[in-house]
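Trainee: quick check, what structure comes out for this input:
(one chain, ligands or ions: 1)
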Amino acid sequence: MTNALFHPFAPAAKPEDDFINIVRGEGSLVFDDSGKDYVDALGSLWYCQVGHGRTEIVDAISAQMRKLESFNIFDPFTNEAAVRVADMIAERSPHPDGRVFLGSSGSEAVDSALKIARQYHQKRGDADRQLVVRRTNGYHGTNFGGTSAQGIAPNREGWGDLVPHFLEVGHDDLEAAATVFAEHGDRIAAVISEPVQGAGGVHPPIDGYLDGLRRLCDDHGSLLILDEVICGFGRTGEWFGAQHYGVTPDLMTFAKGVTSGYLPLSGVILSRGVSEVFEEPGFIFRSGYTYSGHPASCVAGVANLQLMTDEGLVSRANHVGEKIREGLAALEADGLIESWRGTGAIYAAELGRDAIPVRNDILQEGVIVRPIGTCLAICPPLVITDEEVGRVIDTMVACLK
Ligand SMILES: Cc1ncc(COP(=O)(O)O)c(C=O)c1O
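Mentor: Got it, this is the predicted structure:
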């Protein structure tokens, strides 16, 4: 029997009783309603940097909610938590002098960034710049803007007309991007790209690719949007993928790891150059969300970023990554997987065959990884212990043999 609950990205006819009911979490482990434990090797859904059950964040949220549970930040209001989290995010980004727009979901962040990019050009008298270049395998959420920006074709199908003016290029084909710019450069508002493509199968960029996009944007007056919803907040071993790859975007979207998922928070970082265009006296920015700057979400962000800083979790991603790479390299050497790819603490094991049955076996044995086509994605909390990484790898070995 199905219940009222209509699950996202799930078979709509699947009975509620067939889902795994997760009831508790601690560190990198989660527990179902039978008491069985699982290593959460995907950080829930690519977001749980600091691990589950961190009372520091829960206490900060609770204290905020006892004082003020919520109040909006549309003009003329503001709140301390929103100001503080925006400062902390900007300070850690390549744009310490930039501005931070806040929302709740990654999809809201992406749609906001697309709107900001187009309006930036309009305000500079270049209203014809509406095209956005997207990459195959790109994932940018499921609102209409993000759906249109996606390079995962099945996710774009079945919804009727999407947002017009998107052009797709092969995900690592810089020449194709150069051709699109040669043909349409004066009408391209922006390129949108994840630093490492996550939900599309964990594809790090080939050498020089993001640099190449930056150059094309500079040469043609277009903006570079890096969608840091997965890569942001330590996943690559730097605060942002932009810093990991040494590329400075004009706009950056973030969500997930900013609060480690304790409460929903997302946003867009605007470079100084972009934000200045909006700062003319009297101009009103006409976009935003009821929960933009929600104080409870914002204190969750402040507490999470403070924890990550105090515990050195950004550089710890490199240690976690080293352990995962050792394990995956051994699996490859033993012929159990075809190959692996990734950087920092985000990886894919390429099986060369449907990954879902293998994932099901691994899940049965108490490890959560995500099947994407023919690969299994691994993106654990940055606090995962070496023993827990060992359990992930040993379980994969047992199930792949
Ligand atoms: C790169 C990227 N952008 C946007 C999104 C959408 O975020 P949300 O699901 O919070 O709307 C995701 C979600 O996985 C993502 O990975």
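
Trainee: list the contacts for V258?
Mentor: By CB atoms under 8 Å, 6 or more residues apart in numbering, the residues touching V258 are 85, 89, 232-233, 265-267, 301, 304-305. Yep, even glycine has a C-beta here, placed from its N, CA and C like the rest.

Trainee: show me where pLDDT drops low in the stretch 151-300 of the chain?
Mentor: For the stretch 151-300 of the chain, no stretch is flagged by pLDDT under 70.

Trainee: return the residues of it in contact with the ligand.
Mentor: 194, 198-199, 227, 229-230, 255 (CB under 6 Å from any ligand atom).

Trainee: just send these back as TSV, with secondary structure and neighbour count too.
Mentor: Listed next are these as TSV, based on DSSP: H, G, I helix; E, B strand; the rest coil; neighbours: other CB atoms under 10 Å:
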residue	secondary structure	neighbour count
E194	coil	28
G198	coil	26
A199	coil	22
D227	strand	30
V229	coil	29
I230	coil	28
A255	coil	28
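
Trainee: which residues are contacting stretch 204-220?
Mentor: With contacts defined as CB under 8 Å, 6+ apart, stretch 204-220 is touched by 172, 174, 177-178, 181, 185-186, 188, 190-191, 193, 195-197, 222-224, 226, 245-250, 341-343.

Trainee: ok and the residue in the stretch 1-150 of the chain nearest the ligand?
Mentor: Of all residues in the stretch 1-150 of the chain, G106 sits closest to the ligand, at 2.2 Å by CB to the nearest ligand atom.

Trainee: hang on, that residue packs against V268?
Mentor: No. G106 is beyond contact range of V268, at 10.7 Å (criterion: CB atoms under 8 Å).

Trainee: so what sits against both of those two?
Mentor: 253-254.

Trainee: so what's the residue count around G312?
Mentor: Residues lying near G312 (other CB atoms under 10 Å) number 12.

Trainee: can you check A317 too?
Mentor: By other CB under 10 Å, 24 other residues sit near A317.

Trainee: and what of P205?
Mentor: P205: 23 neighbours (other CB under 10 Å).

Trainee: the one 10 residues further on now?
Mentor: In terms of burial, R215 registers 16 neighbours under the definition other CB under 10 Å.

Trainee: what of L265?
Mentor: Counted by other CB under 10 Å, the residues lying close to L265 total 30.

Trainee: which non-adjacent residue is nearest it?
Mentor: Nearest residue to L265, sequence neighbours excluded (CB to CB, 6 or more residues apart in numbering): S297, at 4.2 Å.

Trainee: how is that neighbour assigned, secondary-structure-wise?
Mentor: helix (DSSP: H, G, I helix; E, B strand; the rest coil).

Trainee: now it: how far from the ligand?
Mentor: In this view, S297 and the ligand are 12 Å apart by CB to the nearest ligand atom, to the nearest Å.

Trainee: show the contacting residues for that residue.
Mentor: 104, 259, 263-265, 291.

Trainee: and of the residues of the stretch 151-300 of the chain next to the ligand, the nearest to the ligand?
Mentor: Nearest member of these to the ligand, counting by CB to the nearest ligand atom, is V229, at 3.4 Å.

Trainee: and the closest one, what does it touch?
Mentor: Counted by CB under 8 Å, 6+ apart, V229 has contacts 106, 109-110, 140-141, 194, 198, 253-256, 266.

Trainee: excluding chain neighbours, give the residue nearest to it in space.
Mentor: Leaving aside its sequence neighbours, V229 sits nearest to G106 (CB to CB, 6+ apart; 3.9 Å).

Trainee: contacting residues around the one you found?
Mentor: By CB under 8 Å, 6+ apart, the residues touching G106 are 140-141, 146, 227, 229, 253-256, 266.

Trainee: swap the cut-off to 6 Å and go again
Mentor: Contact analysis of G106 by CB atoms under 6 Å, 6 or more residues apart in numbering lists 141, 229, 255, 266.

Trainee: re the thing from before, restricted to helices, list the contacts of V258.
Mentor: 85, 89, 301, 304-305 (DSSP state H).

Trainee: which of the residues you listed tops the neighbour count?
Mentor: Busiest of the ones in helices among the contacts of V258 [other CB under 10 Å] is G301, holding 31 neighbours.

Trainee: for that residue, what are its contacts?
Mentor: By CB under 6 Å, 6+ apart, G301 lies in contact with 85, 258-259, 265.

Trainee: tell me the spacing between it and T236.
Mentor: Per CB to CB, to the nearest Å, G301 is found 19 Å from T236.

Trainee: before we move on, what about G288?
Mentor: Between G288 and T236 the distance, using CB to CB, works out to 29 Å.

Trainee: which one's more surrounded, these two?
Mentor: More neighbours surround T236 than the other of G288 and T236, with 28 against 17 (other CB under 10 Å).

Trainee: list the contacts for the more buried one?
Mentor: If a contact means CB under 6 Å, 6+ apart, then T236 has 244, 343-344 as its contacts.

Trainee: and it, helix, strand or coil?
Mentor: Going by three-state DSSP: T236 is coil.

Trainee: same check, this time on V320
Mentor: Taking three-state DSSP, the label given to V320 is helix.

Trainee: what's the helix or strand for the closest residue in space to H294 that isn't next to it in sequence?
Mentor: Spatial nearest neighbour of H294, chain neighbours left out: S70 (5.7 Å); criterion: CB to CB, 6+ apart. For S70, there is no enclosing helix or strand under DSSP states H and E.

Trainee: equivalent analysis for A242, please.
Mentor: Using DSSP H and E, A242 sits in helix 241-245.

Trainee: what's next to that helix, contact-wise?
Mentor: By CB under 6 Å, 6+ apart, the residues outside helix 241-245 that reach it are 94, 195, 210, 226, 228, 231, 236, 238, 249.
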